[in-house]
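Colleague: sharing a model prediction with you, sequence too.
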Amino acid sequence: MTKNIIAIDQGTTSSRAIIFDHNGSIVSVGQKEHEQIFPKAGWVEHDAEEIWTNVREVVGSALSKANLTRHDIAAVGITNQRETTVVWDKNTGKPVYNAIVWQDTRTQNTVEELSADGGGDRYKDRVGLPLAPYFSGTKIKWILDNVDGVRERAEAGELLFGNTDTWVTWNLTGGTDGGIHITDVTNASRTLFMDLEKLAWDEEILADFGVPISMMPAIKSSSEVYGTVHTNQLLREVPVAGILGDQQAATFGQAAFNAGEAKNTYGTGCFLIFNTGEDIVKSSNGLLTTVAYQLEGEKPVYALEGSIAVAGSLVQWLRDNIGMISSAAEVEDLAAQAEDNGGVYIVPAFSGLFAPYWRPDARGAMVGLTRFANRSHIARAAMEATAFQTREVLDAVNADAEVPLTELRVDGGMVANETLMQFQADMLGVPVVRPQVTETTALGAAYAAGLAVGFWSDRDELRAKWAEDKRWEPEMDPTERDRQMRLWKKAVTKTFDWVDEDVR
(Lines give C-alpha, C1' and ligand atoms only; values in the text may rest on other atoms or scores of the structure.)
Protein backbone atom coordinates (compact mmCIF):
# COMPACT_ATOMS: atom_id res chain seq x y z
CA MET A 1 0.00 0.00 0.00
CA THR A 2 1.30 3.47 -0.92
CA LYS A 3 2.10 5.49 2.15
CA ASN A 4 2.14 9.24 2.77
CA ILE A 5 3.39 11.67 5.42
CA ILE A 6 1.11 14.13 7.20
CA ALA A 7 2.45 17.43 8.48
CA ILE A 8 0.64 19.43 11.14
CA ASP A 9 1.46 23.11 10.63
CA GLN A 10 0.30 25.06 13.66
CA GLY A 11 0.72 28.66 12.52
CA THR A 12 0.06 32.15 13.82
CA THR A 13 -3.28 32.63 12.09
CA SER A 14 -4.38 29.07 11.33
CA SER A 15 -3.68 25.40 11.81
CA ARG A 16 -3.22 23.16 8.79
CA ALA A 17 -2.73 19.50 8.06
CA ILE A 18 -1.04 18.74 4.73
CA ILE A 19 -0.55 15.24 3.36
CA PHE A 20 2.46 14.69 1.09
CA ASP A 21 3.26 11.76 -1.15
CA HIS A 22 6.71 10.24 -1.77
CA ASN A 23 7.48 12.87 -4.42
CA GLY A 24 6.92 15.64 -1.90
CA SER A 25 3.76 16.68 -3.73
CA ILE A 26 0.65 17.81 -1.88
CA VAL A 27 -2.13 15.21 -1.71
CA SER A 28 -4.62 17.21 0.37
CA VAL A 29 -4.91 20.11 2.80
CA GLY A 30 -7.11 20.86 5.80
CA GLN A 31 -7.00 24.38 7.25
CA LYS A 32 -8.85 26.39 9.87
CA GLU A 33 -8.17 29.85 11.28
CA HIS A 34 -8.25 30.61 15.00
CA GLU A 35 -9.16 33.80 16.81
CA GLN A 36 -6.61 36.57 17.24
CA ILE A 37 -7.11 38.04 20.73
CA PHE A 38 -5.93 41.59 21.47
CA PRO A 39 -6.74 42.41 25.13
CA LYS A 40 -4.66 45.61 25.14
CA ALA A 41 -2.37 47.52 22.81
CA GLY A 42 0.72 45.39 22.24
CA TRP A 43 -0.90 42.24 23.67
CA VAL A 44 -1.55 39.29 21.35
CA GLU A 45 -3.04 36.01 22.55
CA HIS A 46 -4.50 32.75 21.24
CA ASP A 47 -6.83 30.24 22.86
CA ALA A 48 -4.65 27.11 23.10
CA GLU A 49 -7.67 24.83 23.49
CA GLU A 50 -9.18 26.26 20.31
CA ILE A 51 -5.89 25.55 18.54
CA TRP A 52 -5.90 21.91 19.65
CA THR A 53 -9.55 21.51 18.60
CA ASN A 54 -8.70 22.96 15.19
CA VAL A 55 -5.67 20.68 14.80
CA ARG A 56 -7.86 17.61 15.27
CA GLU A 57 -10.40 18.99 12.81
CA VAL A 58 -7.88 19.78 10.05
CA VAL A 59 -6.29 16.34 10.37
CA GLY A 60 -9.71 14.80 9.81
CA SER A 61 -10.38 17.17 6.92
CA ALA A 62 -7.09 16.36 5.15
CA LEU A 63 -7.64 12.61 5.52
CA SER A 64 -11.24 12.87 4.34
CA LYS A 65 -10.44 14.96 1.27
CA ALA A 66 -7.87 12.40 0.15
CA ASN A 67 -10.05 9.42 1.14
CA LEU A 68 -7.22 8.15 3.36
CA THR A 69 -7.03 6.58 6.82
CA ARG A 70 -4.30 6.24 9.41
CA HIS A 71 -3.12 3.10 7.60
CA ASP A 72 -2.06 5.30 4.67
CA ILE A 73 0.15 7.52 6.84
CA ALA A 74 3.74 6.52 7.59
CA ALA A 75 4.50 9.30 10.09
CA VAL A 76 3.43 12.66 11.51
CA GLY A 77 5.63 15.75 11.35
CA ILE A 78 4.88 18.88 13.37
CA THR A 79 5.85 22.48 12.67
CA ASN A 80 4.69 25.51 14.59
CA GLN A 81 4.66 29.22 15.29
CA ARG A 82 7.75 29.63 17.41
CA GLU A 83 8.01 31.43 20.77
CA THR A 84 4.24 31.44 21.34
CA THR A 85 3.94 30.30 24.94
CA VAL A 86 1.49 27.89 26.54
CA VAL A 87 1.48 26.97 30.23
CA TRP A 88 -0.93 24.26 31.30
CA ASP A 89 -1.85 21.92 34.17
CA LYS A 90 -0.44 18.46 33.50
CA ASN A 91 -3.21 16.82 35.55
CA THR A 92 -6.20 18.51 33.91
CA GLY A 93 -4.74 19.48 30.53
CA LYS A 94 -6.17 22.99 30.94
CA PRO A 95 -4.06 26.07 30.10
CA VAL A 96 -3.68 28.46 33.02
CA TYR A 97 -3.84 31.45 30.66
CA ASN A 98 -4.22 32.13 26.94
CA ALA A 99 -1.20 31.40 24.79
CA ILE A 100 0.96 34.54 24.61
CA VAL A 101 1.92 35.02 20.96
CA TRP A 102 5.42 35.73 19.66
CA GLN A 103 4.27 39.19 18.49
CA ASP A 104 3.23 40.22 22.03
CA THR A 105 5.23 43.08 23.62
CA ARG A 106 3.84 43.17 27.17
CA THR A 107 7.10 41.90 28.70
CA GLN A 108 9.24 44.91 27.84
CA ASN A 109 9.45 45.87 31.52
CA THR A 110 10.76 42.39 32.28
CA VAL A 111 13.39 42.81 29.56
CA GLU A 112 14.49 46.12 31.04
CA GLU A 113 14.73 44.64 34.55
CA LEU A 114 16.83 41.69 33.35
CA SER A 115 18.97 43.96 31.18
CA ALA A 116 19.87 46.16 34.15
CA ASP A 117 22.47 43.57 35.16
CA GLY A 118 24.64 42.81 32.15
CA GLY A 119 22.74 44.55 29.35
CA GLY A 120 20.45 43.22 26.66
CA ASP A 121 23.05 40.72 25.46
CA ARG A 122 23.85 39.25 28.88
CA TYR A 123 22.90 35.71 27.76
CA LYS A 124 23.61 36.01 24.04
CA ASP A 125 26.92 34.11 24.06
CA ARG A 126 25.14 31.08 25.49
CA VAL A 127 21.72 31.18 23.83
CA GLY A 128 22.32 33.22 20.67
CA LEU A 129 19.51 35.66 21.46
CA PRO A 130 19.22 39.15 22.94
CA LEU A 131 16.80 39.83 25.74
CA ALA A 132 13.55 40.75 23.97
CA PRO A 133 9.81 40.28 24.47
CA TYR A 134 9.82 38.15 21.30
CA PHE A 135 11.15 35.01 22.96
CA SER A 136 9.33 32.50 25.17
CA GLY A 137 11.30 33.09 28.37
CA THR A 138 9.87 36.49 29.27
CA LYS A 139 6.36 35.26 28.43
CA ILE A 140 6.65 32.32 30.83
CA LYS A 141 7.87 34.68 33.54
CA TRP A 142 4.93 37.03 32.92
CA ILE A 143 2.42 34.18 33.37
CA LEU A 144 4.13 33.01 36.56
CA ASP A 145 4.24 36.55 37.95
CA ASN A 146 0.77 37.76 36.95
CA VAL A 147 -1.72 34.88 37.00
CA ASP A 148 -3.01 34.16 40.51
CA GLY A 149 -1.68 30.98 42.06
CA VAL A 150 0.29 29.92 39.02
CA ARG A 151 3.79 30.32 40.46
CA GLU A 152 2.92 28.16 43.43
CA ARG A 153 1.47 25.48 41.16
CA ALA A 154 4.56 25.62 38.96
CA GLU A 155 6.91 25.26 41.89
CA ALA A 156 4.83 22.31 43.09
CA GLY A 157 5.53 20.59 39.76
CA GLU A 158 1.93 20.76 38.54
CA LEU A 159 2.46 22.90 35.43
CA LEU A 160 4.09 22.36 32.05
CA PHE A 161 5.41 24.84 29.50
CA GLY A 162 5.64 24.48 25.78
CA ASN A 163 5.55 26.37 22.54
CA THR A 164 2.73 25.14 20.34
CA ASP A 165 4.80 22.22 19.02
CA THR A 166 4.97 20.88 22.58
CA TRP A 167 1.28 21.58 23.23
CA VAL A 168 0.18 19.76 20.06
CA THR A 169 2.57 16.83 20.62
CA TRP A 170 1.51 16.39 24.25
CA ASN A 171 -2.17 16.31 23.31
CA LEU A 172 -1.62 14.18 20.20
CA THR A 173 0.22 11.52 22.19
CA GLY A 174 -2.33 11.30 25.00
CA GLY A 175 -2.40 14.52 27.01
CA THR A 176 -3.25 13.65 30.60
CA ASP A 177 -3.11 9.97 29.60
CA GLY A 178 0.63 9.68 29.08
CA GLY A 179 1.24 12.59 26.71
CA ILE A 180 4.88 13.10 25.75
CA HIS A 181 6.29 16.43 26.99
CA ILE A 182 9.03 17.27 24.48
CA THR A 183 10.33 19.91 22.10
CA ASP A 184 13.04 19.88 19.48
CA VAL A 185 16.30 21.80 19.38
CA THR A 186 14.98 24.44 16.97
CA ASN A 187 12.08 25.43 19.20
CA ALA A 188 14.19 25.14 22.35
CA SER A 189 16.66 27.58 20.82
CA ARG A 190 13.92 30.25 20.78
CA THR A 191 13.16 30.28 24.49
CA LEU A 192 16.22 32.19 25.83
CA PHE A 193 16.94 29.12 27.96
CA MET A 194 18.85 26.60 25.78
CA ASP A 195 22.63 26.53 25.70
CA LEU A 196 23.48 26.33 21.98
CA GLU A 197 26.58 24.21 22.50
CA LYS A 198 25.21 21.81 25.11
CA LEU A 199 21.67 21.64 23.65
CA ALA A 200 20.41 21.64 27.23
CA TRP A 201 18.44 24.00 29.46
CA ASP A 202 20.67 26.51 31.23
CA GLU A 203 19.68 26.25 34.88
CA GLU A 204 21.35 29.55 35.81
CA ILE A 205 19.24 31.47 33.29
CA LEU A 206 16.09 29.61 34.36
CA ALA A 207 16.84 30.65 37.94
CA ASP A 208 17.32 34.29 36.89
CA PHE A 209 13.84 34.19 35.32
CA GLY A 210 12.32 32.27 38.23
CA VAL A 211 11.19 29.41 35.98
CA PRO A 212 11.22 25.92 37.55
CA ILE A 213 13.04 23.42 35.36
CA SER A 214 10.23 20.93 36.05
CA MET A 215 8.08 22.95 33.62
CA MET A 216 10.46 22.51 30.72
CA PRO A 217 10.03 19.84 28.04
CA ALA A 218 12.74 17.32 27.18
CA ILE A 219 14.87 18.52 24.24
CA LYS A 220 15.02 16.11 21.29
CA SER A 221 16.47 16.16 17.79
CA SER A 222 14.31 17.40 14.92
CA SER A 223 13.98 13.98 13.29
CA GLU A 224 13.42 10.84 15.36
CA VAL A 225 10.50 8.69 16.47
CA TYR A 226 9.32 10.37 19.67
CA GLY A 227 6.31 8.13 20.22
CA THR A 228 2.98 7.33 18.60
CA VAL A 229 -0.39 9.05 18.32
CA HIS A 230 -2.74 8.11 21.16
CA THR A 231 -5.45 5.54 20.53
CA ASN A 232 -8.20 8.15 20.97
CA GLN A 233 -7.08 10.05 17.84
CA LEU A 234 -7.79 9.52 14.13
CA LEU A 235 -4.09 8.88 13.53
CA ARG A 236 -3.81 6.39 16.38
CA GLU A 237 -0.54 4.46 16.56
CA VAL A 238 1.08 6.45 13.73
CA PRO A 239 4.66 7.49 14.70
CA VAL A 240 5.24 11.14 15.61
CA ALA A 241 8.67 11.54 14.11
CA GLY A 242 9.58 15.14 13.24
CA ILE A 243 9.41 18.55 14.91
CA LEU A 244 10.80 21.81 13.53
CA GLY A 245 9.96 25.43 14.32
CA ASP A 246 8.23 26.95 11.30
CA GLN A 247 11.15 28.92 9.89
CA GLN A 248 13.60 26.08 10.32
CA ALA A 249 11.03 23.76 8.75
CA ALA A 250 10.79 26.04 5.73
CA THR A 251 14.58 26.01 5.43
CA PHE A 252 14.54 22.20 5.56
CA GLY A 253 11.71 22.09 3.02
CA GLN A 254 13.77 24.31 0.71
CA ALA A 255 16.57 21.71 0.94
CA ALA A 256 18.91 24.42 2.28
CA PHE A 257 20.84 21.77 4.21
CA ASN A 258 24.38 23.08 3.78
CA ALA A 259 26.39 26.06 4.96
CA GLY A 260 25.92 29.11 2.76
CA GLU A 261 22.37 28.22 1.68
CA ALA A 262 19.46 30.43 2.69
CA LYS A 263 15.73 31.01 2.36
CA ASN A 264 13.27 33.75 3.18
CA THR A 265 9.70 32.98 4.24
CA TYR A 266 7.03 35.60 3.61
CA GLY A 267 4.20 34.93 6.03
CA THR A 268 2.69 36.77 8.98
CA GLY A 269 6.23 37.91 9.62
CA CYS A 270 9.26 37.49 7.40
CA PHE A 271 12.21 35.32 8.34
CA LEU A 272 15.51 34.90 6.55
CA ILE A 273 17.60 31.93 7.64
CA PHE A 274 21.21 31.49 6.52
CA ASN A 275 22.74 28.08 7.17
CA THR A 276 26.16 28.24 8.89
CA GLY A 277 26.72 24.48 9.11
CA GLU A 278 28.16 23.08 12.34
CA ASP A 279 29.65 26.48 13.24
CA ILE A 280 27.95 28.71 15.80
CA VAL A 281 28.32 32.16 14.21
CA LYS A 282 27.73 35.03 16.62
CA SER A 283 26.24 38.05 14.91
CA SER A 284 27.63 41.55 15.27
CA ASN A 285 24.86 43.00 13.14
CA GLY A 286 21.56 42.34 14.91
CA LEU A 287 20.91 38.78 13.76
CA LEU A 288 19.98 35.80 15.91
CA THR A 289 22.04 32.64 16.24
CA THR A 290 19.75 29.64 16.19
CA VAL A 291 19.66 25.90 15.51
CA ALA A 292 18.67 25.13 11.91
CA TYR A 293 18.01 21.42 12.51
CA GLN A 294 19.45 18.26 14.01
CA LEU A 295 18.96 14.75 12.69
CA GLU A 296 19.00 11.87 15.17
CA GLY A 297 22.53 10.83 16.06
CA GLU A 298 24.14 13.75 14.20
CA LYS A 299 25.65 17.06 15.24
CA PRO A 300 23.34 20.07 15.14
CA VAL A 301 23.36 22.43 12.16
CA TYR A 302 23.23 26.12 13.06
CA ALA A 303 22.02 29.26 11.31
CA LEU A 304 21.87 33.02 11.42
CA GLU A 305 18.36 34.42 11.34
CA GLY A 306 16.89 37.78 10.54
CA SER A 307 13.43 38.04 12.08
CA ILE A 308 10.93 40.61 10.79
CA ALA A 309 7.80 40.90 12.91
CA VAL A 310 5.35 42.25 10.33
CA ALA A 311 5.08 41.24 6.67
CA GLY A 312 1.82 39.62 5.57
CA SER A 313 0.15 40.86 8.75
CA LEU A 314 0.53 44.42 7.41
CA VAL A 315 -1.74 43.43 4.53
CA GLN A 316 -4.13 41.85 7.05
CA TRP A 317 -4.10 45.12 8.97
CA LEU A 318 -5.07 47.07 5.86
CA ARG A 319 -7.92 44.58 5.34
CA ASP A 320 -9.22 44.00 8.87
CA ASN A 321 -8.37 47.17 10.80
CA ILE A 322 -8.49 49.85 8.12
CA GLY A 323 -10.93 48.28 5.66
CA MET A 324 -8.92 49.52 2.68
CA ILE A 325 -9.17 46.15 0.90
CA SER A 326 -11.58 43.23 1.19
CA SER A 327 -9.03 40.47 0.51
CA ALA A 328 -5.26 40.16 0.81
CA ALA A 329 -4.98 39.34 -2.89
CA GLU A 330 -6.28 42.82 -3.77
CA VAL A 331 -3.04 44.43 -2.63
CA GLU A 332 -1.10 43.37 -5.71
CA ASP A 333 -3.74 44.70 -8.12
CA LEU A 334 -4.11 47.94 -6.17
CA ALA A 335 -0.34 48.44 -5.93
CA ALA A 336 0.06 47.79 -9.65
CA GLN A 337 -2.11 50.84 -10.38
CA ALA A 338 0.73 53.05 -9.16
CA GLU A 339 4.06 53.35 -10.98
CA ASP A 340 5.86 53.78 -7.67
CA ASN A 341 5.06 54.47 -4.02
CA GLY A 342 4.48 58.18 -4.58
CA GLY A 343 7.01 58.97 -1.85
CA VAL A 344 5.03 57.02 0.78
CA TYR A 345 6.83 54.63 3.15
CA ILE A 346 5.19 52.43 5.78
CA VAL A 347 7.32 51.08 8.61
CA PRO A 348 5.13 48.43 10.29
CA ALA A 349 6.69 48.48 13.75
CA PHE A 350 3.47 47.24 15.36
CA SER A 351 5.45 45.11 17.82
CA GLY A 352 8.57 47.24 17.79
CA LEU A 353 11.33 46.55 15.30
CA PHE A 354 13.02 43.14 15.19
CA ALA A 355 16.21 42.48 13.18
CA PRO A 356 18.51 44.22 12.68
CA TYR A 357 17.41 47.04 15.03
CA TRP A 358 15.85 45.30 18.05
CA ARG A 359 13.95 48.44 19.09
CA PRO A 360 10.92 47.47 21.19
CA ASP A 361 10.30 51.20 21.71
CA ALA A 362 9.42 51.66 18.03
CA ARG A 363 5.88 51.87 16.73
CA GLY A 364 4.45 51.88 13.22
CA ALA A 365 4.62 54.94 11.01
CA MET A 366 3.45 56.05 7.56
CA VAL A 367 5.60 58.90 6.25
CA GLY A 368 6.03 60.94 3.10
CA LEU A 369 2.32 61.69 2.75
CA THR A 370 1.24 64.48 0.40
CA ARG A 371 -2.07 65.33 -1.28
CA PHE A 372 -0.78 63.31 -4.25
CA ALA A 373 -0.80 60.04 -2.25
CA ASN A 374 -3.73 57.67 -2.78
CA ARG A 375 -4.85 54.12 -1.96
CA SER A 376 -2.60 52.63 -4.63
CA HIS A 377 0.47 54.35 -3.22
CA ILE A 378 -0.37 53.11 0.27
CA ALA A 379 -0.90 49.56 -1.02
CA ARG A 380 2.43 49.70 -2.84
CA ALA A 381 4.20 51.08 0.23
CA ALA A 382 2.76 48.24 2.32
CA MET A 383 4.02 45.69 -0.17
CA GLU A 384 7.43 47.32 -0.49
CA ALA A 385 7.91 47.43 3.30
CA THR A 386 8.52 43.68 3.31
CA ALA A 387 11.18 43.97 0.61
CA PHE A 388 12.96 46.86 2.35
CA GLN A 389 13.06 44.99 5.64
CA THR A 390 14.41 41.87 3.92
CA ARG A 391 17.16 43.95 2.29
CA GLU A 392 18.26 45.23 5.68
CA VAL A 393 18.39 41.70 7.05
CA LEU A 394 20.35 40.47 4.04
CA ASP A 395 22.85 43.30 4.51
CA ALA A 396 23.37 42.06 8.07
CA VAL A 397 23.81 38.46 6.85
CA ASN A 398 26.42 39.55 4.34
CA ALA A 399 28.24 41.49 7.06
CA ASP A 400 28.29 38.50 9.43
CA ALA A 401 28.86 35.65 6.99
CA GLU A 402 32.15 35.01 5.21
CA VAL A 403 30.43 34.29 1.88
CA PRO A 404 27.85 36.80 0.55
CA LEU A 405 24.51 35.39 -0.53
CA THR A 406 24.24 35.05 -4.31
CA GLU A 407 20.55 34.12 -4.61
CA LEU A 408 17.57 33.94 -2.30
CA ARG A 409 15.09 31.06 -2.23
CA VAL A 410 11.66 32.27 -1.17
CA ASP A 411 8.45 30.70 0.09
CA GLY A 412 5.28 31.52 2.01
CA GLY A 413 1.95 32.99 1.01
CA MET A 414 3.29 36.32 -0.26
CA VAL A 415 5.49 34.76 -2.96
CA ALA A 416 2.38 34.54 -5.16
CA ASN A 417 2.68 38.34 -5.41
CA GLU A 418 4.91 38.63 -8.47
CA THR A 419 5.14 42.41 -8.21
CA LEU A 420 6.61 42.01 -4.73
CA MET A 421 9.04 39.32 -5.88
CA GLN A 422 10.37 41.53 -8.68
CA PHE A 423 10.74 44.47 -6.31
CA GLN A 424 12.49 42.17 -3.84
CA ALA A 425 15.05 41.14 -6.47
CA ASP A 426 15.49 44.82 -7.40
CA MET A 427 16.17 45.82 -3.81
CA LEU A 428 18.53 42.92 -3.10
CA GLY A 429 20.50 43.03 -6.30
CA VAL A 430 20.49 39.21 -6.43
CA PRO A 431 18.07 36.73 -8.05
CA VAL A 432 14.97 35.66 -6.12
CA VAL A 433 13.91 32.05 -6.74
CA ARG A 434 10.51 30.49 -6.04
CA PRO A 435 10.25 26.67 -5.84
CA GLN A 436 7.49 24.60 -7.40
CA VAL A 437 6.23 23.58 -3.96
CA THR A 438 5.82 26.77 -1.93
CA GLU A 439 4.32 25.06 1.15
CA THR A 440 7.86 24.50 2.35
CA THR A 441 7.11 24.86 6.07
CA ALA A 442 4.83 21.83 6.15
CA LEU A 443 7.06 20.04 3.63
CA GLY A 444 10.08 20.48 5.92
CA ALA A 445 8.22 18.91 8.83
CA ALA A 446 7.14 16.07 6.56
CA TYR A 447 10.73 15.57 5.38
CA ALA A 448 12.01 15.40 8.97
CA ALA A 449 9.37 12.82 9.93
CA GLY A 450 9.88 10.81 6.75
CA LEU A 451 13.64 10.59 7.25
CA ALA A 452 13.12 9.25 10.78
CA VAL A 453 10.97 6.32 9.61
CA GLY A 454 12.88 5.55 6.41
CA PHE A 455 10.18 6.92 4.10
CA TRP A 456 12.99 8.91 2.45
CA SER A 457 16.56 7.69 2.57
CA ASP A 458 18.68 10.80 3.08
CA ARG A 459 19.09 14.51 2.40
CA ASP A 460 20.44 13.88 -1.09
CA GLU A 461 17.12 12.29 -2.06
CA LEU A 462 15.27 15.29 -0.66
CA ARG A 463 17.56 17.77 -2.38
CA ALA A 464 16.85 16.11 -5.71
CA LYS A 465 13.14 16.81 -5.24
CA TRP A 466 13.61 20.59 -5.08
CA ALA A 467 12.60 22.23 -8.34
CA GLU A 468 12.58 25.86 -9.44
CA ASP A 469 9.28 27.41 -10.49
CA LYS A 470 10.26 30.99 -11.30
CA ARG A 471 13.27 33.27 -11.01
CA TRP A 472 13.30 37.07 -10.80
CA GLU A 473 16.46 38.90 -11.83
CA PRO A 474 17.29 42.42 -10.56
CA GLU A 475 16.24 45.13 -13.03
CA MET A 476 16.47 48.35 -11.00
CA ASP A 477 19.33 50.78 -11.61
CA PRO A 478 21.73 50.63 -8.62
CA THR A 479 21.47 54.41 -8.14
CA GLU A 480 17.69 54.16 -7.76
CA ARG A 481 18.08 51.18 -5.41
CA ASP A 482 20.39 53.21 -3.19
CA ARG A 483 17.97 56.17 -3.21
CA GLN A 484 15.06 53.97 -2.18
CA MET A 485 17.05 52.43 0.67
CA ARG A 486 18.18 55.85 1.88
CA LEU A 487 14.58 57.02 2.10
CA TRP A 488 13.49 53.76 3.77
CA LYS A 489 16.18 54.10 6.44
CA LYS A 490 15.10 57.70 7.04
CA ALA A 491 11.52 56.45 7.51
CA VAL A 492 12.67 53.80 9.99
CA THR A 493 14.26 56.46 12.22
CA LYS A 494 10.85 58.14 12.59
CA THR A 495 9.54 55.12 14.50
CA PHE A 496 12.18 55.16 17.26
CA ASP A 497 11.56 56.18 20.88
CA TRP A 498 7.79 56.24 20.58
CA VAL A 499 7.20 54.06 23.63
CA ASP A 500 8.23 55.70 26.87
CA GLU A 501 6.98 55.76 30.47
CA ASP A 502 3.64 57.24 29.41
CA VAL A 503 3.09 55.14 26.27
CA ARG A 504 3.15 51.33 26.44
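Modeller: Here it is on my side, so go on.

Colleague: lowest-confidence helix or strand of the protein?
Modeller: helix 330-336 (a mean of 85; mean pLDDT, DSSP states H and E).

Colleague: just give me the neighbour total for the closest residue to residue 411 other than its chain neighbours.
Modeller: Sequence neighbours aside, residue 440 is the residue nearest to residue 411 in space, at 4.2 Å (criterion: CB to CB, 6 or more residues apart in numbering). For glycine as for every other residue, the C-beta is placed from the backbone atoms N, C-alpha and C. Neighbourhood size, residue 440 [other CB atoms under 10 Å]: 28.

Colleague: just residue 213 next, same as before
Modeller: 11.

Colleague: can you give me phi and psi for it?
Modeller: Main-chain dihedrals, residue 213, degrees, to the nearest 10: phi -70, psi -20.

Colleague: quick check, pLDDT for it.
Modeller: pLDDT, residue 213: 96.

Colleague: now swap in the one 3 residues further on and tell me
Modeller: The predicted local confidence for residue 216 comes out at a pLDDT of 97.

Colleague: in this structure residue 450 contacts residue 456, no?
Modeller: Yes. Judged on CB atoms under 8 Å, residue 450 makes contact with residue 456 at a distance of 4.6 Å.

Colleague: and those two? which has more neighbours close in?
Modeller: Comparing residue 450 with residue 456 by other CB under 10 Å, the one with more neighbours is residue 450, at 27 against 21.

Colleague: picking that back up, who does the next helix-or-strand element following the least confident helix or strand of the chain pair up with?
Modeller: Reading on from helix 330-336 to the C-terminus, the next helix or strand found by DSSP states H and E is strand 345-347. Strand pairing for strand 345-347, using DSSP bridges, gives strand 365-367 (antiparallel).

Colleague: check the gap between the residue nearest to residue 430 when sequence neighbours are not counted and residue 291 for me.
Modeller: Spatial nearest neighbour of residue 430, excluding adjacent residues (CB to CB, 6+ apart): residue 407 at 5.5 Å. Separation of residue 407 from residue 291 (CB to CB, to the nearest Å): 24 Å.

Colleague: swap in residue 103?
Modeller: Taken as CB to CB, the span from residue 103 to residue 291 is 22 Å.

Colleague: tell me the secondary structure at residue 443.
Modeller: helix (DSSP: H, G, I helix; E, B strand; the rest coil).

Colleague: so what's the closest residue to it other than its chain neighbours up against?
Modeller: Excluding the flanking residues, the one nearest residue 443 by CB to CB, 6+ apart is residue 253, at 3.7 Å. By CB atoms under 8 Å, 6 or more residues apart in numbering, the residues touching residue 253 are 411, 437, 439-447.

Colleague: may I ask which helix or strand encompasses the residue of the chain positioned farthest from its centre?
Modeller: In the chain, the residue that sits farthest from the middle, by CA atoms, centre = their mean, is residue 371; the gap is 37.9 Å. Under DSSP H and E, no helix or strand contains residue 371.

Colleague: try residue 62
Modeller: Per DSSP H and E, residue 62 falls inside helix 48-65.

Colleague: ok and the very next helix or strand once past that helix relative to helix 48-65, angle-wise?
Modeller: Moving toward the C-terminus from helix 48-65, the next helix or strand (DSSP H and E) is strand 73-80. Orientation of strand 73-80 against helix 48-65 (axes from the mean of the first three to the mean of the last three CA atoms, to 10 degrees) gives an angle of 140 degrees.

Colleague: give the rounded mean pLDDT of strand 73-80.
Modeller: Strand 73-80 comes out at a mean pLDDT of 96.

Colleague: and the next helix or strand after it, what other elements does it pack with?
Modeller: Proceeding N to C from strand 73-80, the next assigned helix or strand is strand 85-89, under DSSP H and E. If you count contacts as 3 or more CB pairs under 8 Å, 6 or more residues apart in numbering; DSSP states H and E, strand 85-89 packs onto strand 99-100, helix 136-146, helix 150-155, strand 159-163, helix 164-172.

Colleague: now do strand 85-89 and strand 159-163, the angle between them.
Modeller: Strand 85-89 runs at 150 degrees relative to strand 159-163, counting by the same axes, to 10 degrees.

Colleague: buried ones in strand 85-89?
Modeller: 85-88 (16 or more other CB atoms under 10 Å).

Colleague: before we move on, what about stretch 382-402?
Modeller: For stretch 382-402, a neighbour-count test (16+ other CB under 10 Å) marks 382-397, 400-401 as buried.

Colleague: so which of the buried residues of strand 85-89 comes closest to residue 121?
Modeller: Residue 121 lies nearest to residue 85 out of these, by CB to CB, at 21.9 Å.

Colleague: what bridges to that closest one?
Modeller: Beta-bridge partners of residue 85, as defined by DSSP bridges: residue 100, residue 163.

Colleague: isn't it right next to residue 139, touching?
Modeller: Yes. Between residue 85 and residue 139 there is a contact at 3.9 Å, judged by CB under 8 Å.

Colleague: anything in contact with each of the two?
Modeller: Taking CB under 8 Å, 6+ apart as the contact rule, residue 85 and residue 139 both touch residue 100.

Colleague: re the thing from before, residue 407 and residue 291: who's more crowded?
Modeller: residue 291 (26 against 15).

Colleague: what's the burial count for the residue nearest to residue 101 when sequence neighbours are not counted?
Modeller: Spatial nearest neighbour of residue 101, chain neighbours left out: residue 44 (4.0 Å); criterion: CB to CB, 6+ apart. Close neighbours of residue 44, defined as other CB under 10 Å, add up to 22.

Colleague: and what of residue 91?
Modeller: Residue 91: 11 neighbours (other CB under 10 Å).

Colleague: in which helix or strand would I find it?
Modeller: Going by DSSP H and E, residue 91 is not part of any helix or strand.

Colleague: residue contacts, it?
Modeller: Neighbour list for residue 91: 158, 176 [criterion: CB under 8 Å, 6+ apart].

Colleague: can you give me the distance of it to residue 49?
Modeller: Distance, residue 91 to residue 49, by CB to CB: 16 Å.

Colleague: ok, now residue 254?
Modeller: 33 Å.

Colleague: more neighbours, these two?
Modeller: Between residue 254 and residue 49, residue 254 has the larger neighbour count (other CB under 10 Å), namely 27 against 17.

Colleague: appreciated, that's everything.
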